Every structure is written in structure tokens, then in C-alpha cells.
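Q: got a sequence here, can you build the structure:
(chains A and B)
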Amino acid sequence: MIKPGIPQGTRDFTSAVVLKRLYILNTIRRHFEVTGYEPLETPAMELLETLTGKYGDEGDQLIFKILNNGLSDAANIEKAQAGFQKILEGKNSEDITSRALRYDLTIPFARYVAMNRGTLHFPFKRYQMQPVWRADRPQKGRYREFTQCDADVVGSNSLWNEVELVHLYRNTFDTLGLKDAEITLNNRKLLAALALKCGAASMLTSITIAIDKLDKIGIDKVMESLKESGLTSEQVQTIHTYLSISGSNREKINQISNLLQGIHEAEKGIEELEFILNRVPDHYVHLDFKLARGLDYYTGTIYEVKAPQTVKMGSIGGGGRYDNLTGLFGVEGISGVGISFGVDRIYDVMDTLNLFPNDLNTNLKVLFFNMGDEESVHAFEICTAVQQSGIPSMLFPDSVKLDKQFKYAQKRNIPYIVIVGSEEVIHKKVVIKHLNTGNQYTLNANELISHLQNQIK
RNA sequence: GUAGCCAUAGCUCAGCUGGUUAGAGUAUCAGAUUGUGAUUCUGAGGGUCGUGGGUUCGAGCCCCAUUGGCUACCCCA
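A: All right, here's what the predicted structure looks like:
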């Protein structure tokens, strides 16, 4: 016998949890579809080479790799040993792993677009809701298997796409009751311009990493670490000014324009942000020039959604524009922009804030008691008719004490039980009992469905 | 990858400075109750105390290792 268990960071979902998850998923799907996105699904695993190098060094470490089959075949042993040696040196080896679980939905989508560019109609708007896997250390709000819901548009440079995605985010979170979820906006071009202004375009990564830590370690330490990385005090001062930008969205735009004026890259970024700001209600988004986001491939607008501050959860969604993702797969010139919803974190946030509707927990509406083999023939027949009318119902499969059947109904939160016993069979009646109120009624068998329909609605 | 806390019945947890046969609540099963639940009463089953070593006359308790869970860092949804 083995001890039953599941891999670290994965979970079983009970029926009550699944129902709540479906509520989230269905809400998101509805908003995706009404906004013109069409569904796509891609395999759980991709070729390893499709994924590596797309998420930064940290990201590469977190990709779940799949061991090749047939490694022990005598014919492959030499290759396998050589391959394993490479693995020990920290490199990948096709001879050991050539496939991996998907890390997000964006790269598989880019791969799909590159593969099928001839058959797609651009702008191509797709949505995708599937699990992804990361070999991260599990902790609060962090799982090794979790579900993302992505909406992306490729083949269009228009900033109207960005505008639409802001509305999509806002509308979806509002529907879910997360009105306090904060949509934050920035543009990678501003970060690039800042690096340029500091005369250190090559420092872009270390600058963004440093300013990303502002909230955690404070301004002084950020300044310190920047000096250590070799920037002059004048350059550090520029970054200080950049980080000190505050006020309304409008005021922030003015300040950044002053700071970075004359730099083409910055003017472009500001123009893009203004395009969006002019077309969405002001309270929909917060500008935050500190927002960097880890994924390497973003080039323009970047989005991040923060959970309401009362819940310590951090980011529940993110996205951005990537100008040349398909270029990695040999297809140049297709720009895309997309956003992602983190279903599992949204679930955790909604659960702690008690935002799920109450009527999600019950699926089954009617339990037909099993009163014996003869009686069950009739009960099953009526039960089938009830099912066909669309009301979830079932016959208790075993002929056991009523006590037990009642307890089963109670455990599963079934609101109605129906008794078809010998008496009822003779008179073509049924007894229905409303467990919530304790009331019970004797009906003609053919009245049952309309009675239930009136009750349930 | 680094650090801290935790691990006892299906579940939630007690278990004293190390000391007989490890407890409770709840859940499960059976009975009081062969056509009417949630209450009550009675009884039963269920634990190699995460795993492996060590210290000790004696370990659930102390030490080491290991696995898993949670939390934080890194990073992220």
C-alpha cells in the first residue's frame, strides 16, 4: 500500500470549490466573448525550446521539464549519459528532456500564431483559460499548478486594443464584486527612456530591478544600490526624481514629461499612455511609473492588477504589449497586446472578502428516496422525467433506512426529497418534502415537475 | 535556491519538567427507530504519534537527518 498524496503545490478541488471557480471562470469567459475574443486551447506541454529563454533566467528555472521516455533503451544509453552530463552542468539537453509543461499562455499563443499565420484573420483576438505550471516554492497565493485566463490581440498596433483591455479588466472585476481591484498602468518605453537619460541604456535591467524594490526596501536603499551599480550621483538623482513623481494621473504625466523631455522614446511612451487615459474614465486606472513586470518580452504598455489592499495578495492579473513575440519563432512584424487573470488568486481574494453568491453551493435539487426495488422502478421513471425537464435530481441507489437517505440529502444540501412508495405507486401520487421548511405535499405524479419548477425558478 | 514555524484517529486538535495500555470533539458504522432528517441516548471500529537514525532504564516529547505543509525572501498570477 502506498500513502495517498499529490505533488507539492497542487490541489484537489471539492465540489463547493469547483462551483466557485466555475463562477469566476464563467464570468471572465462571458466578458471575453462579449468583447469579441474567440477561444483557443493549446497542449499542456510544449517543446522545451519553445519555452526556454522567454521568461528571463529566473523564469527558465521555474519551467517544469518532462523526462524523455525510453532513456533506458540500450541504444540510447550513450546519448542519455552525455545528456545527463550537460544537465549536471546546468544546461538543457534534448536527449534528456525535450518537452515541458507550459509556464504561461502567452508564449504558447505566440507559437500558435507563428505556426498558423497563414490561416488567421488579423487582428486575431483569442482568449484562453487553462492551467499553467511553475516549479516555484508554494506559499500564500502561490501554487505550482494554477489557472490563467488570457485575452490577447495580435496583428494590430492600434492603442484602441489597450483601451479595450482596460475596460475588459474593469468590467470583469466589477462584475466579480472586486471594485477595489486596482488597475495599474505603465509603459516600458518610459523605463527605457529613463535608462537612456541616465546614459546607461545597458543598465535598464538593473535599474528596473532596483526601482521595482522601492515599496519593499525604501527609497534610500534603492539609491544606495544604484550607486553601487556604478551610476553617478547625477544619474541617481534623476532616478530619484522619477521615483518621486506623484499626484493624479494628469499630474504624473506632466512631471514625467518635464523630466524626460527631449528623449524620443519617452515622448512615444507618454503619447501612448495619454491615448489610453483620454479614452477611459479616470478612476479606472492608476499610473505607476515604477511598475516594471518581470516578463522580458513586453515593449510598450504594461498592466498590473493589484488585489484590494485589505487582502495581502499582490498581483491578481497582468499583461502588456509585446512588439515582436512571434519574431522569436521566425515571424516578424506581428505586434500583440494582452492581459491575464490569475484565477486562483482571484478566488483567494474573493473567498476572504466573502464575495461569492450564496446559491453556488448546491447543484442537486431533488433526491428520490429508494423505497424498495418495486417502488424504485416507478421512482426512477419519474426521476428521469424530472432530469429531462432540466432539474438536477437522482434516485438514492440503495434501499436503506429513511434515516440514512435523509442524512444524505442533508449532507449534500439537497432542498427537496421525493418519496414514491407502495401507497404512492398505487394511487399514482408522489410525496415531496421541502427540507428547508419541513413542509410536505402529496401530488399527482404528473404535477411534480411543474411544482418543482415553481419552487426553483 | 535561502530562512523560520509546524507534522498525534478520516477531519480539528489536547497530550504537564521524558514515566504504565496515547486522549477529546467531530465524522464513520451499528442499535434505540422496517414510511419521515437535522436533536438525543447506547455501543463499535479507527493511530507502527510523517519517515529513518540517535540519546536514555524508558521518547509523541530531547538530538540529527529526511519528506511534506505553511510563512517569508527571490520572483511571480
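Q: who does the host helix or strand of residue A:130 pair up with?
A: Residue A:130 is part of strand A:124-133 when elements are defined by DSSP states H and E. Strand partners for strand A:124-133, identified by DSSP bridges, are recorded as strand A:38-39 (parallel), strand A:145-154 (antiparallel).
Q: just the mean pLDDT for the longest helix anywhere in chain A, thanks.
A: Looking only at chain A and at elements set by DSSP state H, the helix with the highest residue count is helix A:15-34. Throughout helix A:15-34, pLDDT has a mean value of 93.
Q: ditto for stretch A:270-280
A: Averaging pLDDT along stretch A:270-280 gives 96.
Q: just the buried residues of it, please?
A: Buried residues in stretch A:270-280, counting neighbours by 16 or more other C-beta atoms under 10 Å, are found at A:270, A:272, A:273, A:276, A:277, A:280. C-beta: built from backbone N, CA, C; applies to glycine.
Q: what do you get for stretch A:219-237?
A: Across stretch A:219-237, burial judged by 16+ other C-beta under 10 Å covers A:222, A:223, A:225, A:226, A:231, A:235, A:236.
Q: take those and keep only those in helices.
A: Per DSSP H, those map to helices at A:222, A:223, A:225, A:226, A:235, A:236.
Q: got a pLDDT number for the fifth one?
A: Same thing as residue A:235. The predicted local confidence for residue A:235 comes out at a pLDDT of 83.
Q: so how far is residue A:242 from it?
A: Distance from residue A:235 to residue A:242, counting by C-beta to C-beta, to the nearest Å: 11 Å.
Q: pull up the overlap in contacts between those two.
A: The contact sets of residue A:235 and residue A:242 do not overlap (C-beta atoms under 8 Å, 6 or more residues apart in numbering).
Q: which ones are touching residue A:97?
A: Contacts were defined as C-beta under 8 Å, 6+ apart; by that measure residue A:97 touches A:48, A:65, A:66, A:67, A:68.
Q: for residue A:131, that is, sorry about that
A: The contact partners of residue A:131, taken as C-beta under 8 Å, 6+ apart, are A:44, A:145, A:146, A:147, A:148.
Q: which residues of the stretch 201-350 of chain A lie near RNA strand B?
A: Proximity of the stretch 201-350 of chain A to RNA strand B (C-beta under 7 Å from any atom of the strand) is limited to residues A:209, A:212-213, A:216-217, A:293-295, A:305, A:312, A:314-318, A:340, A:342, A:344-345.
Q: surely residue A:355 and residue A:176 touch.
A: Yes: in this structure, residue A:355 sits in contact with residue A:176. The criterion is C-beta atoms under 8 Å, and the distance is 6.8 Å.
Q: neighbour-wise, which of these two wins?
A: Neighbours were tallied for residue A:355 and for residue A:176 using other C-beta atoms under 10 Å; the higher tally belongs to residue A:176 (20 against 15).
Q: residue contacts, the residue nearest to that one when sequence neighbours are not counted?
A: If the residues on either side of it in the chain are set aside, residue A:176 comes closest to residue A:27, at 5.7 Å by C-beta to C-beta, 6 or more residues apart in numbering. Shown in contact with residue A:27 (C-beta under 8 Å, 6+ apart): A:172, A:175, A:176.
Q: among those, which ones are in helices?
A: Judged by DSSP H, helices contain the following of the contacts of residue A:27: A:172, A:175.
Q: adding distance to residue A:364 and pLDDT, write the contacts of residue A:27 out as CSV.
A: Conversion of the contacts of residue A:27 to CSV gives the following (distance: C-beta to C-beta, whole Å; pLDDT from 0 to 100):
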residue, distance to residue A:364, pLDDT
A:172, 29, 97
A:175, 27, 96
A:176, 25, 96
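Q: for the contacts of residue A:27, give me a markdown table that also has distance to RNA strand B.
A: Listed next are the contacts of residue A:27 as a markdown table, based on distance: C-beta to the nearest atom of the strand, whole Å:
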| residue | distance to RNA strand B |
| --- | --- |
| A:172 | 13 |
| A:175 | 18 |
| A:176 | 14 |
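Q: return the closest of the contacts of residue A:27 with respect to residue A:116.
A: The shortest approach to residue A:116 among the contacts of residue A:27 belongs to residue A:172, at 27.3 Å (C-beta to C-beta).
Q: run through the residues that contact the closest one.
A: Contacts for residue A:172 (C-beta under 8 Å, 6+ apart) come out as A:27, A:28, A:31, A:341.
Q: can you get me a residue count around the closest residue to residue A:123 other than its chain neighbours?
A: Residue nearest to residue A:123 in three dimensions, not counting chain neighbours: residue A:156, with 3.7 Å by C-beta to C-beta, 6+ apart. Residue A:156 has 16 neighbouring residues, counting by other C-beta under 10 Å.
Q: return the residues in contact with residue A:156.
A: Applying C-beta under 8 Å, 6+ apart, we find residue A:156 in contact with A:122, A:123, A:335.
Q: just residue A:13 next, same as before
A: Residue A:13 makes contact with residue A:21 under the criterion C-beta under 8 Å, 6+ apart.
Q: ok so, going back, can you say which of the residues of the stretch 201-350 of chain A next to RNA strand B are buried?
A: With neighbours counted using 16+ other C-beta under 10 Å, these contain these buried positions: A:212, A:293, A:295, A:305, A:316, A:317, A:318, A:340, A:342, A:344, A:345.
Q: check the residue nearest to residue A:123 and give its pLDDT.
A: The predicted local distance difference test score for residue A:156 is 94.
Q: kindly report the same for residue A:201.
A: In this prediction, residue A:201 carries a pLDDT score of 68.
Q: show me where the stretch 51-200 of chain A has its helices.
A: Counting by DSSP state H, counting those that start in this stretch, residue ranges of the helices within the stretch 51-200 of chain A are A:56-61, A:77-88, A:106-116, A:160-175, A:188-197.
Q: tell me the one of the contacts of residue A:131 nearest RNA strand B?
A: Relative to RNA strand B, the closest of the contacts of residue A:131 is residue A:146; by C-beta to the nearest atom of the strand it sits at 4.0 Å.
Q: so who does the residue in the stretch 51-200 of chain A that RNA strand B sits nearest to touch?
A: Of all residues in the stretch 51-200 of chain A, residue A:140 sits closest to RNA strand B, with a separation of 2.9 Å (C-beta to the nearest atom of the strand). By C-beta under 8 Å, 6+ apart, the contact list for residue A:140 reads A:312, A:313, A:348.
Q: find the nearest non-adjacent residue to the second one, please.
A: Which is residue A:313. Here the nearest residue to residue A:313 in space, its sequence neighbours aside, is residue A:307; by C-beta to C-beta, 6+ apart that works out to 3.8 Å.
Q: in this structure the one you found contacts residue A:181, no?
A: Yes: using C-beta under 8 Å, residue A:307 makes contact with residue A:181 at a distance of 6.4 Å.
Q: find residues that contact each of these two.
A: Listed as contacting both residue A:307 and residue A:181 by C-beta under 8 Å, 6+ apart are A:316, A:349.
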